[in-house]
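Peer 1: Could you work out the structure for the sequence below:
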Amino acid sequence: MRIFILSLLLIAPMGTLLAQGIPPNEERALGTTVPNVRLVDTEGNTFSLHDLKGRLVILSPVYMGCPQACIAITRSLKKAVEQVGGLGEEYLVLSFSFSPKEGLDDIRRFAKSHQLNHPNWHLAYVPDEKQLFAFLDQIDFRYTYVNEQILDHPNVILFLDKDLVIRHYEYGTDYTPEQVLRGLRIARGELTLTERLLRTPIPLAIALLVSTGAVVWYLWTSRPALNAPASRNGM
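Peer 2: All right, here's what the predicted structure looks like:
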């Protein structure tokens, strides 16, 4: 019995660390432009989010004090990016701290720990708390405090198009090259028919299905009967 209780006590914190938090409301966020917040990078340089316009952006909300999930997200994303050919001129990664308690020392330590030294991988924090929460609200990223150090948050990365419009979300802590390639493709606007239908507002989607069904029904019922007897004169 003691072993069982001890196991539960050990498993409970681990479950908290792996918790997904409140998932973003994609219907609310997709198609909107991220705000032009001011960020500070690991060199202490200030830049505006909209300075990144012109290239696709993989946006990764993390916090530097995260004991597990954010580490896994960063490592797997870095590996997946390398496997698809690395960062180039078409897209970049912006990892940013969503914790208002973190600053320059925190992101420097995180960058050093994970060797995030590629010029097209930006690690930054938002010094203005009001701007930070406006940013998080726009991407619909919400977290709660488990305690003073641990935050429960969604495990997610976002894909922005060249105008910094939110185009796609991917979820999890272990990202694959396929997820990266899919997100970049969607950010370019290269959606499959299924993806377009899934992103169509529900009332419009229903209307399209109904109208399509009506056309099919009309064509089916109005076609000549294959086995109808030929008409005879005088009959």
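
Peer 1: So the residue lying closest to H114 once chain neighbours are set aside: helix, strand or coil?
Peer 2: Among residues not flanking H114 along the chain, T74 sits closest, at 5.4 Å (C-beta to C-beta, 6 or more residues apart in numbering). For every residue, glycine as well, the C-beta is placed using N, CA and C. Of the three states, T74 takes helix under DSSP: H, G, I helix; E, B strand; the rest coil.

Peer 1: got the contact list for T74?
Peer 2: T74 makes contact with S60, V62, S95, F110, H114, L116, according to C-beta atoms under 8 Å, 6 or more residues apart in numbering.

Peer 1: before we move on, what about R142?
Peer 2: With contacts defined as C-beta under 8 Å, 6+ apart, the neighbours of R142 are G21, I22, P24, L136, H153, P154.

Peer 1: Among these, which ones are in helices?
Peer 2: L136 (DSSP state H).

Peer 1: would you turn the contacts of R142 into TSV with distance to H50 and pLDDT?
Peer 2: Listed next are the contacts of R142 as TSV, based on distance: C-beta to C-beta, whole Å; pLDDT from 0 to 100:
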residue	distance to H50	pLDDT
G21	27	79
I22	27	89
P24	21	96
L136	17	98
H153	25	96
P154	24	96
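
Peer 1: those strands in the protein, which residues are they?
Peer 2: 38-41, 46-48, 56-62, 91-97, 121-125, 144-145, 151-152, 156-160, 166-171 (DSSP state E).

Peer 1: Between strand 56-62 and the fourth one, find me the angle.
Peer 2: Think strand 91-97. On the basis of axes from the mean of the first three to the mean of the last three C-alpha atoms, to 10 degrees, strand 91-97 is oriented at 20 degrees to strand 56-62.

Peer 1: Offset the numbering so it begins at 81, please.
Peer 2: All set: I'll call the first residue 81, so the last point we hit is now strand 171-177.

Peer 1: so for strand 171-177, what's the average pLDDT?
Peer 2: Mean pLDDT, strand 171-177: 98.

Peer 1: Pairing partners for it, with directions?
Peer 2: Sheet pairing of strand 171-177 (DSSP bridges) gives strand 136-142 (parallel), strand 201-205 (parallel).

Peer 1: out of these, which comes closest to D241?
Peer 2: In terms of C-beta to C-beta, the element of the strands paired with strand 171-177 nearest to D241 is strand 136-142, at 6.4 Å.

Peer 1: before we move on, the earlier item: now for the strands paired with strand 171-177, which one comes closest to E258?
Peer 2: Between E258 and the strands paired with strand 171-177, the shortest gap by C-beta to C-beta is with strand 136-142, which sits at 14.2 Å.

Peer 1: Also compute the angle for the closest one relative to strand 236-240, please.
Peer 2: On the basis of the same axes, to 10 degrees, strand 136-142 is oriented at 160 degrees to strand 236-240.

Peer 1: Contacts for strand 136-142, please.
Peer 2: In contact with strand 136-142 (C-beta under 8 Å, 6+ apart) are residues 114, 150, 153-154, 157, 161, 170-178, 190, 216, 219, 221, 233, 236-242, 244, 260, 263-264, 267-268.

Peer 1: Got a ChimeraX select line for the buried ones in those?
Peer 2: Of the contacts of strand 136-142, the buried ones can be selected in ChimeraX as follows, counting by 16 or more other C-beta atoms under 10 Å:
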select :114,150,153,154,157,161,171,172,173,174,175,176,177,178,190,216,219,221,233,236,237,238,239,240,241,242,244,260,263,264,267
